[in-house]
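1. I'd like to go over a predicted model; first the sequence, then the structure.
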Amino acid sequence: MASSSVKNITIIGAGMVGSLLSIYLARRGYKVSIFERRPDMRTENIPAGRSINLALSDRGWRGLEGVGIETEIRKIGIPMSGRIMHSISGDLTYQQYGEKDQAIYATSRGILNCEMMNLAEKNGVKIHFNERCAGIDLEHNTARFENTLTKISSSNSSDLIFGADGAFSAARLQLQLTTERFQYSQNYLEHAYKELMIPAGPGGEFQMEKHALHIWPRGGYMMIALPNLDGSFTVTLFFPFEGKDSFATINNPSECLQFFNRVFPDAVKIMPTLTEDFFQNPTGGLVTVKCFPWTYKDKMALIGDSAHAITPFYGQGMNCGFEDCTVLNSLIDQFDGDWNKILPEYQQARKPNSDAIADLAVMNFIEMRDLVGSPQFLLQKKIEARVHDKYPQKWLPLYSQVTFSSIPYADALANGRRQQSIMQEVMAMPDIDKRWDSSEVENFILQKIS
Ligand SMILES: Cc1cc2nc3c(=O)[nH]c(=O)nc-3n(C[C@H](O)[C@H](O)[C@H](O)COP(=O)(O)OP(=O)(O)OC[C@H]3O[C@@H](n4cnc5c(N)ncnc54)[C@H](O)[C@@H]3O)c2cc1C
């Protein structure tokens, strides 16, 4: 279906969200062209960008299901049904994420992106590589590009333009320059991230439990590790730029080893390339971008990180971008391809939810780096899991609302705040560690939620 006057659609960016969006649109009969700044990662050996692997969860799966590639991708994902916390002394504590059959999936960003580009092309999408968007004439639906190899400039006109060009979007900048009262905020954390590696063992085996996300919570900072199909783990250190323990105070291999031996002693034993990785791999900033509006008349819209870049602590950035595609797709049905109606509805529907997941992600950083190691936190989660098991309709833990449901993020945030205030009262009860599974505690919670 391609009603109204829109026939040709341009997408800027062939990343995770732009590629998926192109498949949805091409299947509806639109003629879709993507312009991507990078070379084709399927033929050139270039990294897929930030983070080697990503956690895919329910919202992401729904986005992939809509174009029929969910089963293919599930084959290359590694289910992680819980997190394993590593203490300094090497003790391991397991915490299940949801129900027994629920998991988030560690998936290779590169493979996922390539699969989606393949499918996009099979559906008739034309992808132009090495084309950097240099500006957009919004009134005339014309995007300008510069070829990154030849430096030749060109322009492309279409009926509708999507900016899917990530956190530092050129499309968004154009909206900012053109739209009156454009709201924009960009907030960097005081922490940055660096990717490190735990290789496969000598026989190709995983050197830690593979069906879990590993966390080394250390208060002001943390390290996490997600499994890869080849038996390795991609490790990410989230660490302050400055301060006592920070990137600024680790300046040579011996300082690096000293620090890791002190705070991550069990990990350092299986990280033979630690110092090389630490000094060769880039240090990436962690930014939250919020803006509004996301659309310009019926001519342009932002989607994915270009509309809402968030920090990675809930593993939801890509999942949220895929949900943008799902929502947009259902609005195309609802308004029978009338983009005058689709675009305003799209931004109204998604903006409160992307703001909510941005806030939830920052809140989860504190939980992951600080709280997950504490017995009080684990007890609270145990109580919540018990109430959920007995009364699943009445209590769904916040993590499950975000990760294993399609409850709008804004509702999940509101529910989570309400639940947290109840749990604060519960955790303040005398001897809660002894009577956490008593009917008295259970009744107190039930009374509060009703
Ligand atoms: C360390 C880290 C870990 C993460 N982990 C997770 C996770 O576990 N789960 C999850 O769901 N999300 C995660 N994310 C977030 C996720 O990476 C992003 O939300 C997701 O990649 C957004 O997809 P996108 O297509 O909107 O943007 P991108 O993936 O950034 O793609 C944008 C594309 O546009 C291209 N481009 C940029 N500028 C231009 C231009 N001017 N002209 C043409 N093309 C351009 C880029 O080359 C790129 O291909 C993580 C992020 C980080 C940093």
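-> That came in fine, so what should we check first? Source: prediction; values computed, not measured.

2. which non-adjacent residue is nearest the spatially most central residue of the chain?
-> Computing the C-alpha centroid of the chain and ranking residues by Cα atoms, centre = their mean puts residue 317 first, at 2.5 Å. Sequence neighbours aside, residue 310 is the residue nearest to residue 317 in space, at 5.2 Å (criterion: Cβ to Cβ, 6 or more residues apart in numbering). Every residue, glycine included, has its C-beta placed from N, CA and C.

3. how about the residues of the stretch 201-350 of the chain near the ligand?
-> Counting by Cβ under 6 Å from any ligand atom, the residues of the stretch 201-350 of the chain close to the ligand are 236, 304, 305, 312, 315, 316, 317, 318, 319, 321.

4. For the residue of the chain found nearest the ligand, list the residues it contacts.
-> In the chain, the residue that lies nearest the ligand is residue 15 (2.0 Å; Cβ to the nearest ligand atom). When contacts are counted by Cβ atoms under 8 Å, 6 or more residues apart in numbering, residue 15 is found next to 36, 49, 113, 164, 165, 166, 304, 305.

5. Could you point out which of those residues is nearest to residue 6?
-> Each of the contacts of residue 15 was scored against residue 6 by Cβ to Cβ, and residue 164 proved nearest at 16.8 Å.

6. For residue 229, see how far away the closest residue to that closest one other than its chain neighbours is.
-> The spatial neighbour of residue 164 that comes closest, neighbours along the chain excluded (Cβ to Cβ, 6+ apart), is residue 18 at 3.2 Å. From residue 18 over to residue 229 the distance is 25 Å, taken as Cβ to Cβ, to the nearest Å.

7. how would you label residue 201: helix, strand or coil?
-> On the three-state scheme (DSSP: H, G, I helix; E, B strand; the rest coil), residue 201 is labelled coil.

8. correct me, but it touches residue 230?
-> No. With contact defined as Cβ atoms under 8 Å, residue 201 does not reach residue 230; the gap is 11.3 Å.

9. The two - which one has more neighbours?
-> Neighbours were tallied for residue 201 and for residue 230 using other Cβ atoms under 10 Å; the higher tally belongs to residue 201 (13 against 10).

10. The more buried one: what's its closest spatial neighbour, skipping adjacent residues?
-> Excluding its sequence neighbours, the residue lying closest to residue 201 (Cβ to Cβ, 6+ apart) is residue 207, at 5.0 Å.

11. can you confirm that neighbour is in a strand?
-> No. With three-state DSSP as the criterion, residue 207 is located in coil rather than a strand.

12. tell me the pLDDT at it?
-> Residue-level confidence at residue 207 comes out at 98, pLDDT.

13. What of the one 3 residues further on?
-> Listed pLDDT for residue 210 reads 97.

14. Let me know the average pLDDT across the one helix or strand residue 84 maps to.
-> Secondary-structure assignment from DSSP states H and E places residue 84 in strand 82-86. On average, the pLDDT along strand 82-86 is 95.

15. Specify the next element, helix or strand, located C-terminal of it.
-> Counting by DSSP H and E, the next helix or strand C-terminal to strand 82-86 is strand 92-96.

16. what lines up beside that following strand in the sheet?
-> Sheet neighbours of strand 92-96, with direction, are listed as strand 82-86 (antiparallel) (DSSP bridges).

17. so residue 433 sits right up against residue 379, yeah?
-> Yes. Using Cβ under 8 Å, residue 433 makes contact with residue 379 at a distance of 6.0 Å.

18. Distance-wise, check the residue of the chain closest to the ligand relative to residue 291.
-> 18 Å.

19. and what of residue 41?
-> Here residue 41 is placed at a distance of 28 Å from residue 291 (Cβ to Cβ).

20. Out of the two, name the residue with the larger neighbour count.
-> With neighbours defined as other Cβ under 10 Å, residue 41 and residue 291 compare such that residue 291 has more, 22 against 19.

21. just for the stretch 51-200 of the chain, where's the confidence low?
-> Low-confidence regions of the stretch 51-200 of the chain, defined here as pLDDT under 70, cover residues 51.

22. for the ligand, what are the nearby residues on it?
-> Proximity of the stretch 51-200 of the chain to the ligand is confined to 51, 54, 55, 132, 133, 164, 165, 166, 170, 193 under the rule Cβ under 6 Å from any ligand atom.
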